[in-house]
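Asker: Below are the sequence and a predicted model; questions follow.
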Amino acid sequence: MIFLPEAEIVRRELEREVVGRKIKDVTLNVAKVVARSGNRTVVAKALTGVKLDALVRVGTHLVFDLDSGQRLVIALAPSTSVRRNTGRDKEEPSTVVILAFTQGGHLRLIDNKNGVEMFLVDGDQPIEETVPEIGSAGMDPLAAPMAWTDFGRKVLGHDVKLKSLLTDNSIIVGLGDIYSDEILFEAGLRYDRLSGGLNTQELRRFYRSVVTVLNDAVKYRGTSIESSPWLDPHGEPGNYQDHLQVYGKHGQLSPRSRQPLVRTKYSSRWTYFCEQSQV
DNA sequence: CGATCTACCTGATGGC
DNA sequence: TGCCATCAGGTAGATC
């Protein structure tokens, strides 16, 4: 599964290995994935012979500048895998897009739920305008630097349980159960605390934990566990699963309180936390 | 022992 | 606005 740290890892890899390359050939296996730019023939034609000039990440969207003057947007879904392949690698099941480069090699998108979208937008207008969901997306804690004042205002501006806040893409983009539970443990805050009731000290701890956990997850190259498989563009798993403190660890001793960690259902999904150290 | 079924996992979505 | 039922695909474990 791709969440925010994994999206950042993908951006770094593709910046090194794909930017500067020219598209020789385009394979589009699923019409829905490119439908925002028209049909497959139109999109393939618009991309063939075009060079990828620059890449930025906005939340879980990857945005390439093209030498055609357009931009290529890849809107990653949790179910998306991004792969750098040689041209000879055999096509994995659920491969939805293949971009083959004149310099050799492929960029492939794999998605068993067809959740990924790839489309072209005008390069002259701001990306927030050409891609409305980018304009309305939540904060990106990996954007350097996420403003502390924005964070505070957004958190206090809602009165919702902290876990709901963390997993709400319109407030903070790209987090799921794993990173949410880890952030809340790091912050010493319970999943069911109301965001509007945090005091200044708690708010600062919360902010610091969001930034720390997500940056650590990038540093350790993402989280690869059974319920949330993740492989980087080279097919390598991450290591952050070895640094998880609470997720999936109910019954084990809390690193902070030395009491057993607890697992509870919250809005029909599991939440892992330490009853003693998270208040 | 293999095929099939069931329950449950995940995040996204849309109705209330 | 926030909460929750439902959806879809995948999979683990049970059952035949």
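Answerer: Structure's in. What do you need? Quantities reported herein were computed from a predicted structural model and do not represent experimental measurements.

Asker: Can you read off the backbone torsions of residue A:65?
Answerer: Torsion angles at residue A:65 (phi, psi; degrees, to the nearest 10) stand at phi -80, psi 140.

Asker: count of neighbours near it?
Answerer: The burial metric for residue A:65, expressed as a neighbour count using other C-beta atoms under 10 Å, is 17. Every residue, glycine included, has its C-beta placed from N, CA and C.

Asker: just residue A:102 next, same as before
Answerer: Considering only other C-beta under 10 Å, residue A:102 is surrounded by 12 other residues.

Asker: That one: what's it in contact with?
Answerer: Contact partners of residue A:102, counting by C-beta atoms under 8 Å, 6 or more residues apart in numbering, are A:21-24.

Asker: So in that sheet, which strands flank the helix or strand encompassing residue A:83, and in what orientation?
Answerer: Counting by DSSP states H and E, the element that carries residue A:83 is strand A:80-85. In its sheet, strand A:80-85 lies beside strand A:106-111 (antiparallel), with partners assigned from DSSP bridges.

Asker: Show residues contacting the strand it pairs with.
Answerer: With contact meaning C-beta under 8 Å, 6+ apart, strand A:106-111 is reached by A:14, A:18, A:33, A:74, A:77, A:79-87, A:89, A:91-101, A:116, A:118.

Asker: if we can go back for a sec, going through the contacts of residue A:102, which ones are buried?
Answerer: A:21, A:23 (16 or more other C-beta atoms under 10 Å).

Asker: Next step: the contacts of residue A:102 restricted to strands.
Answerer: When the contacts of residue A:102 are checked against strands (DSSP state E), the matches are A:23-24.

Asker: so residue A:184 touches residue A:274, yeah?
Answerer: No. Counting by C-beta atoms under 8 Å, residue A:274 is not a contact partner of residue A:184; they are 9.5 Å apart.

Asker: of the two, who's got more company?
Answerer: The residue with the greater number of neighbours, taking residue A:184 and residue A:274 and applying other C-beta under 10 Å, is residue A:184; the counts read 27 against 24.

Asker: For that one, give me its contacts.
Answerer: When contacts are counted by C-beta under 8 Å, 6+ apart, residue A:184 is found next to A:162-163, A:166, A:190-191, A:209, A:273, A:278.

Asker: cool, and residue A:198?
Answerer: Taking C-beta under 8 Å, 6+ apart as the criterion, residue A:198 is in contact with A:155-156, A:189, A:206.
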